[in-house]
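In: Just to be clear, the model below is a prediction. Sequence and coordinates:
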Amino acid sequence: MISTWQADRSIAETIAGLERSRARVEVPIQSAIGRVLAVDIIADRDQPPFDRVAMDGIALALHDHQVDVPTDFRIDGRLAPGQAAPEGATRSESGSAIEVMTGAALPSPWNAVVPWEDLSRLAAESPCYRLRPHARYERGMNIHRRASDYRQGDILLTAGARLQAPDIHILASVGCQHVPVLPLPRIFLLATGDELVAVGATPASHQIRMSNMATIGACLERAGLVVLSSDHCSDRKDVLARALARALGTSDVTLISGAVSKGSRDFVPAVLSDLGCTRVFHGVAHKPGKPLWFGTSPQQGLVFALPGNPVSSLVCFVRYVLPHLRAWGQGWPGPDHAPDCLLLPLVAPVATAPDYTLLLPAEITRRSDGTDGLRVRKSGGSGNYAGLLPSHGIAEIPARATPIPEATPLRFFPWP
């Protein structure tokens with residue numbers, strides 16, 4: 001068996017080494033946050049595309065080397081956002097001004113904006129204003145100059161960037177209604193077991209409902225990943241082979257639950273081998289979920305086979321599968337990628353095992369100093385999913401011979 005660290009490294013190296021197509025897909029701009037840009041985005045015009053008024057007030061036309069600097073101004077027109085030229089403003093001599101509003105395109109010869117806060121009206125209903133004491137103005141004041149943000153032809157976003165909210169502004173500003181992004185991995189879910197029935201079915205006394213795939217499917221959807229299809233097959237080798245052949249041939253990621261351990265009907269490892277899959281590892285030194293299987297398909301896809309017990313299945317999924325698939329969907333991580341997790345201190349000592357890592361439910365709670373900490377709970381066994389409650393996620397407790405003391409930071413993987 002390998003360690004949790006080695007499992008992470010093996011998954012990351014395998015994903016980084018896949019010779020996958022860099023084909024792109026287009027998504028509506030409203031759906032682009034979190035996706036990975038497939039092409040560079042180039043500015044189609046200057047930004048701002050004009051000298052933009054940055055404050056409500058009056059615009060002045062100040063001339064070079066002007067000696068007579070006026071303090072009284074007469075409003076001769078008005079300029080609002082979206083207007084091509086000021087209303088009624090034709091003069092630019094000393095003392096002439098136009099009312100301007102934030103966002104308006106300021107044409108020549110107007111070259112300075114004095115905000116209303118620096119002005120006082122000379123009389124009620126008068127079009128004339130006076131500069132307040134200590135207020136000053138100069139050329140270019142309160143004007144967002146054309147092309148001061150970027151110029152036409154500049155690269156604004158580069159291929160491979162994971163898109164966030166500010167990037168949507170950029171995409172919209174260049175008229176990108178449909179955004180070219182890298183495709184998300186297509187995932188096929190396969191549950192195995194004669195004892196399983198659909199969630200909506202009434203199980204017989206010897207049957208249980210398929211909670212594993214319902215939970216995993218919900219987590220994948222929450223992460224914005226694409227579940228291509230799901231299936232259930234019985235514990236017969238020929239049936240499993242047909243189901244897996246279909247899954248491997250139509251998906252980028254095949255995610256299996258059950259039949260992966262050492263029982264006489266645990267056919268998944270053997271069938272995967274028969275279908276040409278390459279095993280990267282089978283078995284990780286942690287509890288629960290030790291029989292975790294990971295490898296690749298002949299079609300250059302990923303294969304994760306999780307134990308069938310619900311706690312083992314969910315713990316392996318949250319600890320390994322979801323972090324690495326989320327990273328893959330967000331930009332083809334390199335071989336040194338480590339899964340995202342929190343690092344939180346223990347609020348009490350926790351027992352350990354000398355030969356394997358423990359993955360146990362934990363709650364985030366407030367410490368005496370006001371910071372967040374972890375309270376680790378005992379596991380109710382790999383089949384007791386109700387024993388995960390209440391908890392906020394999984395704490396990773398390293399293998400060691402002695403208990404881990406209070407305040408020691410541990411890796412924590414939150415529930416989706």
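Out: Structure's in. What do you need? Model, not experiment: these values are computed from the prediction.

In: tell me the mean pLDDT over stretch 284-303?
Out: Averaged across stretch 284-303, pLDDT comes to 95.

In: buried set for that stretch?
Out: Going by neighbour count (16 or more other C-beta atoms under 10 Å), the buried part of stretch 284-303 is 284-297, 301-303. All C-beta atoms are positioned from the backbone trio N, CA, C, and that covers glycine.

In: what's the answer for stretch 255-262, then?
Out: Quick answer for stretch 255-262 (16+ other C-beta under 10 Å): 255-261.

In: so where's this structure shaky on pLDDT?
Out: 19-22, 64-69, 85-95, 329-338 (pLDDT under 70).

In: Specify the residue ranges that define each domain of it.
Out: The chain breaks down by automatic domain parsing into domains covering 27-47+149-181, 52-144, 184-329, 342-414.

In: Name every strand pairing with the helix or strand containing Val280 and say which way it goes.
Out: Using DSSP states H and E, Val280 sits in strand 278-282. Sheet pairing for strand 278-282, assigned by DSSP bridges, gives strand 293-296 (antiparallel).

In: and the next element down the chain from the partner strand?
Out: Following strand 293-296 toward the C-terminus (DSSP H and E): strand 302-306.

In: Please name every helix or strand in contact with whichever helix or strand comes after that next one.
Out: The helix or strand immediately downstream of strand 302-306 is helix 310-316, counting by DSSP H and E. With contacts taken as 3 or more C-beta pairs under 8 Å, 6 or more residues apart in numbering; DSSP states H and E, helix 310-316 sits against helix 211-222, strand 302-306.

In: send the alpha carbons of the helix or strand that helix 310-316 is followed by over as PDB?
Out: For helix 310-316, the succeeding helix or strand toward the C-terminus, using DSSP H and E, is helix 322-329. C-alpha atoms of helix 322-329 as PDB (Å, rounded to 0.1, in the frame of the first residue of the first chain):
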ATOM      1  CA  LEU A 322     -13.200  15.700  -5.900                       C
ATOM      2  CA  PRO A 323     -10.100  17.900  -5.200                       C
ATOM      3  CA  HIS A 324      -8.200  16.500  -8.200                       C
ATOM      4  CA  LEU A 325     -11.200  16.600 -10.600                       C
ATOM      5  CA  ARG A 326     -12.000  20.200  -9.500                       C
ATOM      6  CA  ALA A 327      -8.300  21.100 -10.200                       C
ATOM      7  CA  TRP A 328      -8.400  19.300 -13.500                       C
ATOM      8  CA  GLY A 329     -11.500  21.200 -14.600                       C
END
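
In: outside of stretch 397-406, which residues touch it?
Out: 3, 285, 345-360, 376, 410 (C-beta atoms under 8 Å, 6 or more residues apart in numbering).

In: can you give me the offset of it from its chain's centre?
Out: Relative to the centre of its chain, stretch 397-406 is centred 33 Å away, using C-alpha atoms, centre = their mean, to the nearest Å.

In: now do stretch 309-316
Out: 24 Å.

In: Report the contact partners of His72.
Out: Residue 72: Asp, not His. 95, 122, 128-131.

In: Show me which residues of the top strand by length along the chain are buried.
Out: Longest strand in the chain, counting residues (DSSP state E): strand 357-366. Within strand 357-366, the residues that qualify as buried are 357-362, 364, counting by 16+ other C-beta under 10 Å.

In: a markdown table please, covering those residues and showing distance to Asp40.
Out: Formatted as a markdown table, those follow (distance: C-beta to C-beta, whole Å):
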| residue | distance to Asp40 |
| --- | --- |
| Thr357 | 43 |
| Leu358 | 46 |
| Leu359 | 42 |
| Leu360 | 46 |
| Pro361 | 45 |
| Ala362 | 43 |
| Ile364 | 41 |
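
In: Tell me the one among those residues nearest to Leu322.
Out: Leu359 (13.6 Å; C-beta to C-beta).
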